[in-house]
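> output the structure for:
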Amino acid sequence: MATERAVLCGYYGMGNMGDEALLASLLEMLPPHITPVVLSGNPQFTRDRYGVEAIPRKAAFEILPNLRSAGSFIWGGGSLMQDSSSALNPFYYGGLMGLAQQLGLRTIALAQGLGPLRRPWTQALTRRCLLGCDAVTVRDRTSASQLHNWGIPFTLAPDPVWALESRSPKGFWDLPAPRVAVVLRPHPLLTPSRLDRLIQALAALQTATDAAIVLVPFQPSQDLPLARTIYSQLSEKCYLWQSDDPRALKGLFRGVEMAICMRLHGLIAAASEGCRCWGLSYDPKVSQVLAEFDLPGWELADLPQESTTISQAWLEHYANGDPLSQTRLQATIDRARLHQEALVQALL
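This next block holds a predicted model:
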């Protein structure tokens, strides 16, 4: 089969390891005859990390000729079409998808989490883009319901990071065991008062278990200052762990007794590696994963008022909680591969 270039579009090269995990997953899914060209915020990093061609994500003079020489354009996972963080997101991603469709490329929306779309024009743009796609897959029931209402065919499957092949993180096993991983991010719901309660609860959990607390900033530009704040208030057995390899970041969860996660892909990575998980939800996408997989956790807005209540719940889960069963985990991984089946079929 002749080779074909495909332009991959997502929130890549922006320092968010959740989105890097989505890119790594997408690259694993591509059939051999597809040569990827990644739109990246840091093309050199993307080239070095994945060994693929990459161009600046906003360099029109490079994007246009690459679209013209490509056969396919792929939105590669994540909540791209949403206007909660910025109304510019749908304009950027929708504009590129619309341009690709005008140029006659095969277009695919893969593993999308739609919304929130609060403005009529962002809803209309998203619907128009998806109507023009050759294949659409989504990762949650809310997005599936929206597509059903719009009359757009789709495949529903778990986030592809469930099926991402992990890698043993170098040096991680030198940290003292047992270990508890903590993946937090700044958010208006994580107020100073709530953060203080969480830090007190972590200190109590550490005292009761003698566990090393491993702080894992998934997006260091946002998460690292928060991790340093927590680090400064815990005992000597507290560590900061960073990696720019999403497979290694996923693999570290094999070596922890429990993970406490705000970030969606921290939660997915931990659960998929057979780790006990506790979720702290700031977003419906996190709440949906907690509900779908019966994982314990709290909405941040409903965080208990007493740190002792938090630490006692964590200690009970640390001592007696169970990870996902192997049967359910394997079934989830198998279903996550439906994204790949839809992608390969569309690229034939």
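
> run through the protein and note the low-pLDDT ranges.
1 (pLDDT under 70).

> run through the helices of it in chain order.
Assigned by DSSP state H, the chain shows helices spanning 17-29, 43-50, 60-68, 88-102, 120-131, 141-150, 192-209, 220-231, 246-251, 264-272, 284-292, 307-320, 326-336, 338-347.

> so for the fifth one, what gets flagged as buried?
Neighbour counts using 16 or more other CB atoms under 10 Å place 122, 123, 125, 126, 127, 129, 130 of helix 120-131 among the buried residues. Using the backbone N, CA and C atoms, a C-beta is placed for each residue, glycine as well.

> dump the residues you listed to a markdown table, plus distance to residue 61.
Below are the buried residues of helix 120-131 laid out as a markdown table (distance: CB to CB, whole Å):
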| residue | distance to residue 61 |
| --- | --- |
| 122 | 27 |
| 123 | 31 |
| 125 | 24 |
| 126 | 27 |
| 127 | 30 |
| 129 | 23 |
| 130 | 28 |
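
> between these, which sits nearest residue 329?
Ranked by distance to residue 329 (CB to CB), the buried residues of helix 120-131 are led by residue 130 at 30.3 Å.

> how far away is that closest one from residue 333?
26 Å (CB to CB, to the nearest Å).

> now residue 245
Going from residue 245 to residue 333 by CB to CB gives 20 Å.

> would you reformat the helices of the chain as TSV and include distance to residue 8?
Output for those, formatted as TSV (distance: least, CB to CB, whole Å):
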stretch	distance to residue 8
helix 17-29	6
helix 43-50	10
helix 60-68	11
helix 88-102	11
helix 120-131	16
helix 141-150	20
helix 192-209	36
helix 220-231	22
helix 246-251	15
helix 264-272	18
helix 284-292	21
helix 307-320	38
helix 326-336	18
helix 338-347	11
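
> what's the closest of those helices to residue 181?
Each of the helices of the chain has some distance to residue 181 by CB to CB; the shortest is helix 264-272, at 6.9 Å.

> residues in contact with that closest one: which ones?
With CB atoms under 8 Å, 6 or more residues apart in numbering as the test, helix 264-272 has contacts from 17-18, 21-22, 159, 161-164, 166, 181, 183, 216, 218, 249-250, 253, 256, 259, 261, 277, 279, 283, 285-286, 289-290, 293, 295, 323-324, 329, 332-333.
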